[in-house]
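Peer 1: Pasting a predicted model and its sequence here:
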Amino acid sequence: MNRSEAIRDLIRAALVEDRSSSDEAESVGTVTLVYNHHVRDLSEKLTEQQHSHHDQIISALHIHLDPHNCLEVLGIRGTVKTIRHVANELIGVKGVKHGKLVMTTTGEELE
């Protein structure tokens, strides 16, 4: 990577960060969850949460990590405020071992 590419990447990162600070800005994000699927009713609760936000959750990937633990990666689209709300609900479900939201831009404002 040369210097001008590095500067371009830093500027884009700053634009994305700035856009994510506005609650009403349209955005996309991923929520990553790690959980033990043997925890009573946890899988059902997570599925129920996802169905209650079917307009925002645009994709889901489920990975079996070992005989007990699963990784789910959910693609979410909506306003920054809505994405954070959905992510906090999912991460906050009792039994989720780890969760993280990563937000980015829809790309419309970047050229």
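Peer 2: Sure thing, it's come through. Numbers count the residues shown, from 1 in each chain.
Peer 1: so which helix or strand takes in residue 72?
Peer 2: Assigned by DSSP states H and E, residue 72 falls within strand 69-79.
Peer 1: which other helices and strands contact that strand?
Peer 2: Applying 3 or more C-beta pairs under 8 Å, 6 or more residues apart in numbering; DSSP states H and E, we find strand 69-79 packed against strand 26-36, helix 42-52, strand 57-64, helix 80-91. Every residue, glycine included, has its C-beta placed from N, CA and C.
Peer 1: Tell me the confidence at residue 17?
Peer 2: pLDDT for residue 17: 70.
Peer 1: what helix or strand does it sit in?
Peer 2: For residue 17, the host element (DSSP H and E) is helix 3-19.
Peer 1: follow-up on the earlier one: report the angle between the axes of the strand holding residue 72 and strand 26-36?
Peer 2: Using axes from the mean of the first three to the mean of the last three C-alpha atoms, to 10 degrees, the interaxial angle of strand 69-79 with respect to strand 26-36 works out to 160 degrees.
Peer 1: Okay, angle between strand 69-79 and helix 42-52 too, please.
Peer 2: Using the same axes, to 10 degrees: strand 69-79 against helix 42-52 is 20 degrees.
Peer 1: Buried residues in strand 69-79, which are they?
Peer 2: Across strand 69-79, burial judged by 16 or more other C-beta atoms under 10 Å covers 70, 72, 74, 76-78.
Peer 1: out of those, which one sits closest to residue 29?
Peer 2: For the buried residues of strand 69-79, the closest approach to residue 29 (C-beta to C-beta) belongs to residue 76, at 5.1 Å.
Peer 1: Alright, calling it a day.
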